[in-house]
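Enquirer: Could you work out the structure for the sequence below:
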Amino acid sequence: MASVIDIANTEAAPQADAAPGTTAAPPPAPAVHLPARAAESEAPRRRRGRRPRLSPLTRRIVAVNVLPLALLALGFLYLGKFEASLIGQQVEALRTQGEIFAAALGEGAVLDSPDEGETLLPDLARQMMRRLVAPTHTPARLFDRDGKLIADSRVLSGPGDAVEVSELPPPDNKGELTRFGLRAYDWLTGLLPHPRGYPDYRGGSSAADFPEADRALHGETGSAVRRDPSDSGLVISVAVPVQRYKEVLGAVMLSSANGDIEAELRTVRFEVLRIFGVALLVTLLLSMYLAGTIGRPIRRLAEAAERVRGRGARVDIPDLTRRGDEIGDLSRSLREMTDALWLRMSAIESFASDVAHEIKNPLSSLRSAVETAVRIDDPLKQQRLLAIILDDVERLSRLITDISDASRLDAEMSRDVLEPINLAAMLRALVDIHETTRSEGAARVVLSLPDRRRDLFVQGLESRLSQVFLNLISNAVSFSPPGGEIRITAREDGRAVIVSIDDDGPGIPGEKLTTIFDRFYTERPAAEKFGTHSGLGLSISKQIVEAHRGRIWAENRRDATGTVCGARFLLRLPQA
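Expert: Reported below is the predicted structural model:
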């Protein structure tokens with residue numbers, strides 16, 4: 001006879017049970033399939049199945065990686081300081097060249113007349129200007145001391161009227177792709193802010209139309225930067241006074257060829273765009289690789305979770321744990337969650353089958369007693385049948401109470417907040433209650449603590465842990481001989497607390513040491529009234545202990561000769 005008693009809830013009335021000393025095997029559990037989803041939920045799921053070629057996560061990763069690179073490229077394309085540096089260099093070059101021109105004209109194109117003094121000779125000045133600008137093709141103008149234009153390198157004088165010379169652009173041999181690139185470049189640079197606003201370039205025929213030339217006629221070197229409205233190019237002008245013996249005889253004004261600055265900027269910007277294109281290609285490839293290593297596994301996990309949700313058959317979650325990153329952790333968590341879900345579904349399925357089987361016994365007994373009671377007329381036999389009916393009704397009530405307690409246990413444990421519990425104080429209180437209410441001849445309960453001055457704290461729910469210990473104490477009392485002793489010991493074991501409950505009963509059959517924790521298993525003392533217990537007490541106790549991340553098990557106590565001298569239940573709970 002096993003020293004086991006199953007009490008689901010010691011505060012409730014004694015429970016009814018199946019036939020004493022027997023274990024009724026439940027019938028095979030029928031296959032349970034999840035119900036199909038409603039029609040209205042199928043359409044959103046089908047829409048989720050049609051995924052875009054680029055997932056939102058991929059687009060976000062590409063945008064996050066490309067946007068800083070694009071902003072950096074735009075910053076380089078701005079080139080405001082570089083443009084100012086080019087303008088400064090161009091001004092210095094024109095000033096140096098203008099000083100050379102002015103010195104040459106002051107020495108070779110000046111006539112010293114006794115009547116008029118020193119004057120510039122227009123014809124000679126034109127010839128010298130043409131020779132001076134020939135190597136550099138720099139546009140040049142020469143004004144006399146009155147501000148009148150007397151020479152222009154872009155105007156040729158001949159027997160007839162003057163001929164204005166303008167340089168034609170090179171022939172357009174560019175392909176359509178190159179022209180498209182140039183148009184895109186012009187559009188892009190048009191969006192960039194200019195470092196400063198330059199006045200528009202206006203032509204003129206006298207020094208009064210050019211402030212820098214007018215300034216040069218007063219003996220100072222002048223410069224100006226203007227923007228050509230025809231093509232938005234920059235025109236840089238520098239005017240240098242033509243002097244002889246400190247006397248200002250005129251002013252020579254040199255201008256940069258239209259588009260020189262833009263050509264330099266275009267060259268630098270094309271280099272930046274070329275580097276940006278290579279960097280953009282590498283960034284896109286790396287972004288797609290990164291998105292693939294993140295988005296594709298997540299999509300696989302999501303699709304597997306969708307199949308789990310929509311199907312009744314078991315679906316394996318992809319195993320990505322070898323990645324060693326957060327997605328691997330997610331995969332492991334989803335796999336563990338799915339395994340726990342299937343275990344829970346199997347447990348619910350088995351529990352429903354066990355409940356149906358256990359309820360059938362008292363129902364069958366009730367039906368038989370009722371059918372028999374209506375057929376007999378003997379009052380004594382009718383009273384006995386009514387007593388059987390009353391016992392069966394009580395068995396059903398107690399069984400339903402225990403089933404209700406077991407079914408809501410998981411929800412209660414997941415909803416309630418675990419708190420630190422003084423396990424030593426709890427055991428003292430339970431022992432005091434038992435000793436106070438103990439009937440004469442019943443087994444005594446003795447508590448043994450290695451260090452009574454030290455408390456043992458665990459994290460849990462006090463009401464549920466009290467239920468476990470009351471079940472185990474009642475179990476030990478029912479199998480202990482009259483006047484026996486039940487010993488409870490609590491001690492620390494590393495970062496856990498181990499509680500053992502020993503009795504002096506007949507022990508537990510070796511093959512039943514784990515079976516006693518199964519639902520509806522019952523093997524009671526012969527003197528105990530049939531149907532007192534439902535067989536759920538130890539099962540609920542194990543469920544409570546495991547919900548506290550602990551462990552419960554049973555073993556037999558043996559004396560020096562190896563003979564079984566009682567049973568021992570042990571609990572291991574993590575310390576708070």
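
Enquirer: per-residue confidence at the residue most central in space within the chain?
Expert: The chain has residue 326 as the residue nearest its centroid, 8.8 Å off, counting by C-alpha atoms, centre = their mean. With respect to pLDDT, residue 326 has a value of 84.

Enquirer: same check, this time on residue 474
Expert: pLDDT, read off for residue 474, is 87.

Enquirer: same check, this time on residue 351
Expert: pLDDT for residue 351: 70.

Enquirer: next one: residue 97
Expert: Here, the pLDDT recorded for residue 97 equals 92.

Enquirer: Please look at it and residue 255 and confirm they touch.
Expert: No: with contact defined as C-beta atoms under 8 Å, residue 97 does not count as touching residue 255 (10.9 Å). To be clear about C-beta, it is placed using only N, CA and C from the backbone, and glycine gets the same treatment.

Enquirer: how far away is the residue nearest to the centre of the chain from residue 294?
Expert: 9 Å (C-beta to C-beta, to the nearest Å).

Enquirer: Likewise for residue 206?
Expert: 71 Å.

Enquirer: Have a look at those two and say which one is more surrounded.
Expert: Taking other C-beta atoms under 10 Å, residue 206 and residue 294 do not tie; residue 294 has more neighbours (17 against 13).

Enquirer: follow-up on the earlier one: so for residue 326 and residue 294, which residues contact both of them?
Expert: Residues touching both residue 326 and residue 294 (C-beta atoms under 8 Å, 6 or more residues apart in numbering): none.

Enquirer: returning to that earlier point: next up, the contacts around the residue nearest to the centre of the chain.
Expert: So residue 326 contacts nothing (C-beta under 8 Å, 6+ apart).

Enquirer: now the one 5 residues further on
Expert: Neighbouring residues of residue 331 by C-beta under 8 Å, 6+ apart: 297, 301, 317, 318, 319, 320, 321, 323.

Enquirer: Excluding covalently adjacent residues, which one is nearest to residue 409?
Expert: With sequence-adjacent residues excluded and distances taken as C-beta to C-beta, 6 or more residues apart in numbering, residue 409 is closest to residue 543, at 5.7 Å.

Enquirer: And the pLDDT for that neighbour?
Expert: Confidence score, pLDDT, at residue 543: 84.

Enquirer: I figured it was touching residue 412, is that so?
Expert: No: between residue 543 and residue 412 there is no contact under C-beta under 8 Å: 10.8 Å.

Enquirer: neighbour-wise, which of those two wins?
Expert: residue 543 (20 against 14).

Enquirer: part of a strand, is residue 261?
Expert: No: counting by DSSP: H, G, I helix; E, B strand; the rest coil, residue 261 is not found in a strand; it is helix.

Enquirer: circling back: what touches both of residue 97 and residue 255?
Expert: What both residue 97 and residue 255 touch, as defined by C-beta under 8 Å, 6+ apart, is the set residue 138.

Enquirer: Pick out the most distant pair among the contacts of residue 331.
Expert: 317 and 323 (13.8 Å; C-beta to C-beta).

Enquirer: quick one: which of these two has more around it?
Expert: Using other C-beta under 10 Å as the criterion, residue 317 and residue 323 rank with residue 317 on top: 21 against 15.

Enquirer: what sits against that one?
Expert: 301, 304, 305, 308, 331, 334, 335, 338.

Enquirer: hang on, the earlier thing: list the ones among the contacts of residue 331 that fall in helices.
Expert: Among these, the residues falling in helices (DSSP state H) are 297, 301.

Enquirer: Of the contacts of residue 331, grab the buried ones for PyMOL.
Expert: Remark: buried members of the contacts of residue 331, expressed as a PyMOL selection using 16 or more other C-beta atoms under 10 Å:
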select buried, resi 297+301+317+320
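
Enquirer: could I get the contacts of residue 331 as JSON lines with distance to residue 117?
Expert: Shown next, in JSON lines, are those (distance: C-beta to C-beta, whole Å):
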{"residue": "297", "distance to residue 117": "93"}
{"residue": "301", "distance to residue 117": "98"}
{"residue": "317", "distance to residue 117": "104"}
{"residue": "318", "distance to residue 117": "100"}
{"residue": "319", "distance to residue 117": "103"}
{"residue": "320", "distance to residue 117": "97"}
{"residue": "321", "distance to residue 117": "101"}
{"residue": "323", "distance to residue 117": "94"}
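
Enquirer: Please convert the contacts of residue 331 to a markdown table, extending it with pLDDT.
Expert: Converted to a markdown table, these look like this (pLDDT from 0 to 100):
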| residue | pLDDT |
| --- | --- |
| 297 | 86 |
| 301 | 86 |
| 317 | 82 |
| 318 | 83 |
| 319 | 85 |
| 320 | 84 |
| 321 | 83 |
| 323 | 82 |
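
Enquirer: tell me which of the contacts of residue 331 is nearest to residue 343?
Expert: Taking C-beta to C-beta as the measure, residue 317 is the one of these closest to residue 343, at 14.4 Å.

Enquirer: Residue 239: what secondary structure?
Expert: strand.

Enquirer: What count of nearby residues applies to the nearest residue in space to it that is not next to it in sequence?
Expert: Excluding its sequence neighbours, the residue lying closest to residue 239 (C-beta to C-beta, 6+ apart) is residue 216, at 3.7 Å. As a burial measure, residue 216 scores 28 neighbours (other C-beta under 10 Å).

Enquirer: Correct me if wrong: residue 216 contacts residue 237.
Expert: No: taking C-beta under 8 Å as the definition, residue 216 is not a contact partner of residue 237, at 10.4 Å.

Enquirer: Could you name every residue contacting both of those two?
Expert: Listed as contacting both residue 216 and residue 237 by C-beta under 8 Å, 6+ apart are residue 253.

Enquirer: Could I get the contacting residues of residue 500?
Expert: Contacts for residue 500 were tallied using C-beta under 8 Å, 6+ apart; they are 487, 488, 489, 568, 569, 570, 571.

Enquirer: Can you tell me the SS state at the fourth one?
Expert: What that stands for is residue 568. Judged by three-state DSSP, the three-state class of residue 568 is strand.

Enquirer: I figured it was touching residue 502, is that so?
Expert: Yes: the criterion here is C-beta under 8 Å, and residue 568 meets it with residue 502 at 4.9 Å.

Enquirer: shared neighbours of the two, anything?
Expert: Shared contacts of residue 568 and residue 502 (C-beta under 8 Å, 6+ apart): residue 557.

Enquirer: Please settle this for me: is residue 267 part of a helix?
Expert: Yes: counting by three-state DSSP, residue 267 is part of a helix.
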